[in-house]
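1. next one to model:
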Amino acid sequence: MPTATLLPLAVAIPLFGAVLLAVAGRVLPRTGCDVLATAVAVGDVVCLALLWPHTHGVATAPLGGWPAQVGIVLAADRLGAGLALLAACLVLAVVVYSWRYFDEPSGERAGVFPAMVLLFEAGMVGFALTGDLFNAFVFFELMGATAYALTGYRIEDPRPLQGALTFGVVNSFAAYCSLLGIGLLYARTGQLNLAALGRGLAGHRTDLLVVTAFVLVITAMLVKAAVVPFHFWLPDAHAVAPTPVCMLLSGVMVELGVYGIARIHWTVFSGPGGVPDDAFRRTFLALGVLTALTGAAMCWQQRHLKRMLAFSTIGHVGLFVVGIALLTPDGTAGTALYVAAHGCAKAALFGLTGVLLDRYGSVDEPGLYGRARELRLVGVLFVIGALALAGLPPFGTGLGKGLTEDAAGHGHPWLPAVFVVVSAVTGGTVLRAALRIFWGFGETPRPRPGEPETTGEGEEPEIRGPRRALPPMMVAVPAALLAGCVLLGCVPAVARALAGGAGTFTDPAAYRAAVLGPAAAATAHPGTPGPVPDAWTGAGVLLGLLSAALAVALAVLATTRPPTWHRAIGATARGLRRLHSGHLGDYLAWLALGVAALCAVIAAQT
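-> Residues are numbered from 1 along each chain as shown. Predicted structure coming up:
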């Protein structure tokens with residue numbers, strides 16, 4: 001099937017499925033809705049899997065037959081199509097995981113949740129495949145609006161509604177910023193196509209308008225990616241969103257924000273008239289390191305398992321931002337593999353957390369101490385997921401981390417240490433929770449006196465029959481996702497394909513030639529030639545083993561030794577905890593401050 005058919009079909013399938021479920025869900029039984037949603041999700045996975053072999057370069061599909069100069073075009077390279085495929089696979093996993101997760105009877109609500117999940121998928125896939133900036137904004141907002149609704153899906157509990165409101169207001173504020181930036185770019189170039197925008201900016205000099213437009217446009221991506229200081233909404237939303245929704249938010253939505261930053265920089269702002277590479281590199285390396293260390297420090301302090309995993313996501317997003325900020329095919333290839341493997345591991349861990357919520361109505365680490373001894377298989381999978389976060393070989397997270405560390409170490413020899421520390425702390429925190437909950441290691445954790453904490457006790461149950469037998473898919477899906485994480489590190493063809501795709505992704509000339517025609521390539525900034533590493537190296541294996549060993553050591557010390565040694569860590573993170581106030585006004589103030597600071601910092605370097 002030609003790419004001109006596969007590209008629009010990849011977006012149309014989940015859109016059509018969502019409409020079909022919204023209508024047919026009123027008359028179909030619950031099982032019928034589940035079967036229909038699964039069939040649609042499988043169909044989109046198949047469509048994107050068929051598209052993947054056709055993305056050696058940049059595959060395009062002009063919608064409505066209009067050329068890119070006047071119409072909307074879909075454009076897929078290996079990384080964009082791969083991220084869309086990851087989104088489709090995780091949506092399929094969530095649909096299967098949710099077969100018996102919610103106790104929805106037959107009737108008008110039976111098809112609501114799977115319909116919204118498919119609508120969410122349409123937004124994610126469309127954003128990954130579009131070649132038009134305004135179209136990207138539309139898909140991004142479709143994804144966001146559906147995510148808000150999914151976060152507050154349990155309307156009978158006020159906490160999800162509050163989390164969804166915070167999520168929606170903060171992200172909507174960022175969307176207005178992006179729309180304003182798109183307007184500034186259109187006023188400057190008269191274009192909305194990504195490739196045409198890059199060509200149009202090449203005819204102008206870099207000035208304050210260009211810098212302001214760049215910062216405004218990527219504000220929505222920075223917020224969705226939860227880059228510090230745009231991250232405050234994420235742990236609050238994860239703490240109250242249904243577990244299957246968390247699997248998508250942390251598994252692929254935040255990664256799409258990172259992808260959007262990289263895509264917009266490379267295709268629009270990397271050439272003449274855009275943002276200088278040195279300014280982008282220095283600014284986003286600093287943002288990435290700040291995000292990674294903040295996420296790791298806050299992750300260690302959590303007792304609420306969902307917030308713990310959310311802050312872990314923030315820590316790893318910081319590492320992804322570091323990878324794309326290197327502005328090299330090596331760093332981009334390693335980050336792409338890291339993103340895919342992390343998505344599988346994090347979705348699995350959230351799925352396993354859902355099992356605990358199913359059985360015990362709690363996601364509180366001290367409250368669950370030793371209570372899950374009978375769930376040994378779930379405990380083993382939880383430990384495996386923690387080691388995957390730590391970057392243990394042969395997981396794909398370890399390979400992606402190793403490739404990115406190697407790329408970062410060439411010009412910044414201190415950066416691999418950041419990767420090791422963040423991976424060790426986040427993996428060690430999750431491993432600590434697993435040892436306490438499933439095996440009862442150490443003494444019962446005691447609350448820190450005088451310090452407000454968010455516990456995971458008293459959660460509104462997402463399953464109405466807690467005495468039922470554990471649905472097999474609630475364990476099988478996380479196990480399959482963790483197996484996928486291993487395969488990403490063990491199948492050389494995947495890393496090789498992403499390495500080749502990274503060369504195209506970081507070559508604006510190739511992108512513009514594919515979208516606008518060969519004549520447009522002359523104005524593009526040439527990509528970096530040479531082979532891109534795509535296999536395990538000795539240094540990567542050693543650093544992966546080191547971060548995993550440190551994670552184990554941290555977990556064992558935290559569960560077997562008096563807590564005085566890590567109270568010092570808590571004292572240093574006390575200020576960070578106070579900043580996460582839960583107040584919407586504070587979060588909006590930080591967002592505005594972040595936008596202003598980014599404009600000032602990049603302008604000062606331009």
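
2. ok, which stretches of the stretch 51-200 of the chain are strands?
-> Per DSSP state E, counting those that start in this stretch, the stretch 51-200 of the chain carries strands over the ranges 59-62, 73-76.

3. weakest of these in terms of mean pLDDT?
-> Taking the average pLDDT of each of the strands of the stretch 51-200 of the chain, the minimum falls on strand 59-62, with a mean of 85.

4. before we move on, the earlier item: can you redo the strands of the stretch 51-200 of the chain as a markdown table with mean neighbour count?
-> From N, CA and C alone the C-beta is placed, and that goes for glycine too. Compiled in a markdown table, these are given as follows (neighbours: other CB atoms under 10 Å):
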| stretch | mean neighbour count |
| --- | --- |
| strand 59-62 | 21 |
| strand 73-76 | 27 |
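
5. got these as JSON lines, with distance to residue 113 columns?
-> Shown next, in JSON lines, are the strands of the stretch 51-200 of the chain (distance: least, CB to CB, whole Å):
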{"stretch": "strand 59-62", "distance to residue 113": "31"}
{"stretch": "strand 73-76", "distance to residue 113": "28"}
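
6. verify the stated contact: residue 236 with residue 163.
-> Yes: under the contact definition of CB atoms under 8 Å, residue 236 touches residue 163, with a separation of 5.2 Å.

7. closest one to residue 388 among the strands of the stretch 51-200 of the chain?
-> When the strands of the stretch 51-200 of the chain are compared by CB to CB, strand 73-76 sits nearest residue 388, at 27.9 Å.

8. what helices and strands are in contact with the closest one?
-> When contacts are defined as 3 or more CB pairs under 8 Å, 6 or more residues apart in numbering; DSSP states H and E, strand 73-76 packs onto helix 3-24, strand 59-62, helix 112-129, helix 508-516.

9. tell me which of those sits most buried.
-> Each of those was assessed for mean neighbour count using mean count of other CB atoms under 10 Å. The highest is helix 112-129, with a mean of 27.

10. name the nearest residue to residue 277, sequence neighbours excluded.
-> Excluding the flanking residues, the one nearest residue 277 by CB to CB, 6 or more residues apart in numbering is residue 327, at 5.5 Å.

11. could you do residue 279 as well?
-> The spatially closest residue to residue 279, leaving aside those adjacent along the chain, is residue 605, at 3.8 Å (CB to CB, 6+ apart).

12. tell me who's in contact with the one you found.
-> Residue 605 makes contacts with 276, 278-279, 282-283, as judged by CB atoms under 8 Å, 6 or more residues apart in numbering.

13. could you turn the buried ones of those residues into a ChimeraX selection?
-> With 16 or more other CB atoms under 10 Å as the burial test, the buried ones among these are selected in ChimeraX as follows:
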select :276,279,283
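
14. narrow the contacts of residue 605 to those in strands?
-> Where those are compared with strands, as defined by DSSP state E, there is no overlap at all.

15. among the contacts of residue 605, which one lies nearest to residue 418?
-> Top of the list for closeness to residue 418, among the contacts of residue 605 and by CB to CB, is residue 282 at 15.4 Å.

16. list the contacts of the closest one.
-> In this structure, residue 282 makes contact with residue 605, judged by CB under 8 Å, 6+ apart.

17. how close does it get to residue 472?
-> Taking CB to CB, to the nearest Å as the criterion, residue 282 is separated from residue 472 by 50 Å.

18. same question for residue 295.
-> 33 Å.

19. with neighbour numbers in mind, choose between those two.
-> residue 295 (29 against 10; other CB atoms under 10 Å).
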